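Asker: generate coordinates for the sequence data below:
(2 chains)
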There are 2 protein chains.
Amino acid sequence: MGNELFAGIDIGGTSVKLAFITNEGDLLKKWEIPTDTTNNGMNIVNDISETVKANLEVHQTLMGAGVGAPGFIEMETGFIYHAVNIGWRDYPLKDELEKALGVVVRVDNDANLAALGEKWQGAGDGANEQLFVTLGTGVGGGIITRGQILHGVGGMGGEIGHITSVKEGGSLCNCGKTGCLETVSSATGMVRLAKEKLEAGRASTLSQSDSLILTTKEIFEAAKAGDLVAAEVIMEAIDHLGYAIANLANTLNPAKIVIGGGVSKAGEDLLAPLRVVFDQYALPRVVEQAEIKLAHLGNDAGIYGAVWLAIQAVKANKK
Amino acid sequence: MGNELFAGIDIGGTSVKLAFITNEGDLLKKWEIPTDTTNNGMNIVNDISETVKANLEVHQTLMGAGVGAPGFIEMETGFIYHAVNIGWRDYPLKDELEKALGVVVRVDNDANLAALGEKWQGAGDGANEQLFVTLGTGVGGGIITRGQILHGVGGMGGEIGHITSVKEGGSLCNCGKTGCLETVSSATGMVRLAKEKLEAGRASTLSQSDSLILTTKEIFEAAKAGDLVAAEVIMEAIDHLGYAIANLANTLNPAKIVIGGGVSKAGEDLLAPLRVVFDQYALPRVVEQAEIKLAHLGNDAGIYGAVWLAIQAVKANKK
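Answerer: As a prediction, this is how the structure comes out:
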């Protein structure tokens, strides 16, 4: 049934990304619309519904939709408690979209959907036991066990960015705790570590860069060119990340550990030292069974994951 | 059908514990037989089968059996790769027991079965998201997500005793790594910490005890009576345990954290400081949603968990 397709939808604070994907994972079309945050986001569902319908060709049938949404979500009901960027508060996103689109809708958060997307069409190779880590402005995560996302009792499952990595004297995190993994191993964290070293008077080629726009790309490049401060920042970030992932792997015993997000563009410069740290702290059998890989799908991972969720929902309804 | 019952079987190095339990969780009978480790353990299945059949009353029907076994187990097939204490090597325990008993058999390891037992009939109150920790000679664990044991890809799931707690300069663990949680928060680990402090010349009432047989009970009693060294040992063990559990909870978002094993006999003297450490390192929402409790079933937890697994297997077969 090549004419049956699913909508993958990623709702962000400035734009809504959309795609049509078949149940074999072929991406047929991808586009975006601006996010209308006026009126507490009450126009968004209608905007999505209209653009989805307008983009369907005559011979195509929409079977279901998966949505990535920000904020605190109750996964089973697709209810959004609060999404600051959008304006939603106690908003039944899933129900509203199902009404507007006339098909089954599933909702989850970005990192969980990216984990599912990589499992289905990316680096995860379909393995049922996976740990997905995204290194960007923050550190996000999605854990897959027995082929499904681990949500925990209240949807906080996989929030690995808030593992406490610096037990004493760590930096303040957005979550209110100190020393979270996110404060040292995210892009923001690495730039902060570099600035601290520069402010302490350490000599580094990084000080020639405008420190307001210092990026992890510059840090990786400086380290490659022999800059000691940059190399230290990278080792510090990777030591904390490898330690956290190893301890999780000792508990979760994953087949794949997939690393995505902006920082992962460093590629093997990130993965090679990460594997060394991982091997040091993880059990030998756990190391043997876990493959550490770069994510493949980039920013599309969440849209694929959203569609995968929608496909499962349609299958379950047919039973 | 009050006459239908299940066998819960816990195979240890010196004895096999057995029980008949109904599918409502009523324990009807409990007994044990010695473990015959001669002939590489090849008589054990026959011994179990005979004692189970001999103990069934005329009006009773055996519906299935669950077994806790030592060693490396392939959970799906119930195949034992190697159980040093017993002598088994590449032994199809599940298949052999099914042949001997004529009913469905399920096999898992002790800590996982204890987790399921506490969930079903103990402190876990049936919650589908749980972390079970057992503090004994070692530190064991069992993780329940979506109501089932998290095994991981190779059955190493829940091996929380080998989370690296002391990053640098930790003691050697049986697993070959250093600084594992087990080296500081197990009974053995706490006694080792105490002995180190005594050997360093610290004054303590513990030095009056025969240090060869020093127990965690003595350490908790000494701390209560004001002994500073004993108090330090307990705080060190609990700090590492609380930190590890908090970081796991940040990832797993459990509803219940159940603490069992010999050390847990210290009760609130263990739990009260553990909660303080946990609250410090876990996300506020994770803290709110997680209840830390003592295990209820003691040494019977595994037998209940084994029966629960067998009940699920019989239900699945009926579908």
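Asker: up against chain B, what does the stretch 101-250 of chain A have?
Answerer: A:127-129, A:141, A:143, A:145-146, A:148, A:150-160, A:162-164, A:167, A:175-177, A:243-244, A:246-248, A:250 (CB under 8 Å from any CB of the partner chain). Placement of C-beta: from N, CA and C, glycine included.
Asker: of these, just the buried ones, ChimeraX syntax please.
Answerer: Per 16 or more other CB atoms under 10 Å in any protein chain shown, the buried members of those correspond to this ChimeraX selection:
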select /A:127,128,129,141,143,145,150,151,152,153,154,155,156,157,158,159,160,162,163,164,175,177,243,244,246,247,248,250
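Asker: from the residues of the stretch 101-250 of chain A next to chain B, which land in helices?
Answerer: Using DSSP state H, A:Tyr243, A:Ala244, A:Ala246, A:Asn247, A:Leu248, A:Asn250 are the members of these that sit in helices.
Asker: next one, pLDDT for the last one please.
Answerer: Yep, that's A:Asn250 we're talking about. In this prediction, A:Asn250 carries a pLDDT score of 94.
Asker: can you check the second one too?
Answerer: pLDDT recorded at A:Ala244 is 97.
Asker: which residues does the closest residue in space to A:Ile160 that isn't next to it in sequence contact?
Answerer: Leaving out its chain neighbours, the residue that sits closest to A:Ile160 by CB to CB, 6 or more residues apart in numbering or on different chains is A:Gly141, at 3.6 Å. Each residue near A:Gly141 by CB atoms under 8 Å, 6 or more residues apart in numbering or on different chains is listed here: A:Ala111, A:Ala115, A:Leu131, A:Phe132, A:Val133, A:Thr134, A:Gly158, A:Glu159, A:Ile160, A:Gly161, B:Thr251.
Asker: just among those residues, which is most surrounded?
Answerer: If you count neighbours using other CB atoms under 10 Å in any protein chain shown, the busiest of these is A:Phe132, which has 34 neighbours.
Asker: got the contact list for that one?
Answerer: A:111, A:114-115, A:118-119, A:124, A:141-144, A:158, A:257-258, A:260, A:295.
Asker: same question, A:Asn250
Answerer: Contacts of A:Asn250 by CB under 8 Å, 6+ apart are A:Tyr281, A:Ala282, A:Leu283, A:Val286, B:Met156, B:Glu159, B:Ile160, B:His162, B:Ile163, B:Thr164.
Asker: is A:Asn40 in contact with A:Val84, as I believe?
Answerer: No - between A:Asn40 and A:Val84 there is no contact under CB atoms under 8 Å: 11.3 Å.
Asker: distance check, the one residue sitting closest to the centre of chain A against chain B.
Answerer: Chain A has A:Ala111 as the residue nearest its centroid, 3.0 Å off, counting by CA atoms, centre = their mean. Between A:Ala111 and chain B the computed distance is 12 Å (CB to the nearest CB, to the nearest Å).
Asker: make sure that residue is indeed in a strand.
Answerer: No - going by DSSP: H, G, I helix; E, B strand; the rest coil, the assignment for A:Ala111 is helix, not a strand.
Asker: in the stretch 101-250 of chain A, what residue is nearest chain B?
Answerer: With CB to the nearest CB, the shortest gap between the stretch 101-250 of chain A and chain B falls at A:Gly152, namely 2.3 Å.
Asker: and the strands in the stretch 51-200 of chain A?
Answerer: A:61-68, A:72-74, A:79-83, A:88-91, A:104-108, A:130-135, A:139-145, A:148-149 (DSSP state E, counting those that start in this stretch).
Asker: helices of chain A, residue ranges please.
Answerer: Counting by DSSP H, the helices of chain A are A:44-55, A:93-101, A:110-121, A:182-185, A:187-199, A:216-224, A:228-252, A:268-281, A:284-289, A:301-318.
Asker: so which of those helices is nearest B:Thr216?
Answerer: With CB to CB, the closest approach to B:Thr216 among the helices of chain A belongs to helix A:228-252: 23.8 Å.
Asker: mind checking how far that closest one is from the chain centre?
Answerer: 18 Å (CA atoms, centre = their mean, to the nearest Å).
Asker: same check on stretch A:248-265?
Answerer: That offset, for stretch A:248-265, works out to 11 Å (CA atoms, centre = their mean).
Asker: output that stretch as PDB, restricted to C-alpha atoms.
Answerer: Taking Å, rounded to 0.1, in the frame of the first residue of the first chain, the C-alpha atoms of stretch A:248-265 are listed here in PDB:
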ATOM      1  CA  LEU A 248      24.300   3.200  32.900                       C
ATOM      2  CA  ALA A 249      25.500   0.400  30.700                       C
ATOM      3  CA  ASN A 250      26.400  -1.700  33.800                       C
ATOM      4  CA  THR A 251      22.800  -1.400  34.700                       C
ATOM      5  CA  LEU A 252      21.000  -1.400  31.300                       C
ATOM      6  CA  ASN A 253      23.300  -3.800  29.300                       C
ATOM      7  CA  PRO A 254      22.500  -2.100  25.900                       C
ATOM      8  CA  ALA A 255      23.500  -3.500  22.500                       C
ATOM      9  CA  LYS A 256      23.900   0.000  21.000                       C
ATOM     10  CA  ILE A 257      25.000   3.300  22.500                       C
ATOM     11  CA  VAL A 258      24.100   6.000  20.000                       C
ATOM     12  CA  ILE A 259      25.600   9.500  20.400                       C
ATOM     13  CA  GLY A 260      23.900  12.400  18.600                       C
ATOM     14  CA  GLY A 261      23.500  16.200  18.800                       C
ATOM     15  CA  GLY A 262      25.700  19.000  17.700                       C
ATOM     16  CA  VAL A 263      28.800  17.900  19.700                       C
ATOM     17  CA  SER A 264      28.700  14.500  18.000                       C
ATOM     18  CA  LYS A 265      29.800  16.200  14.700                       C
END
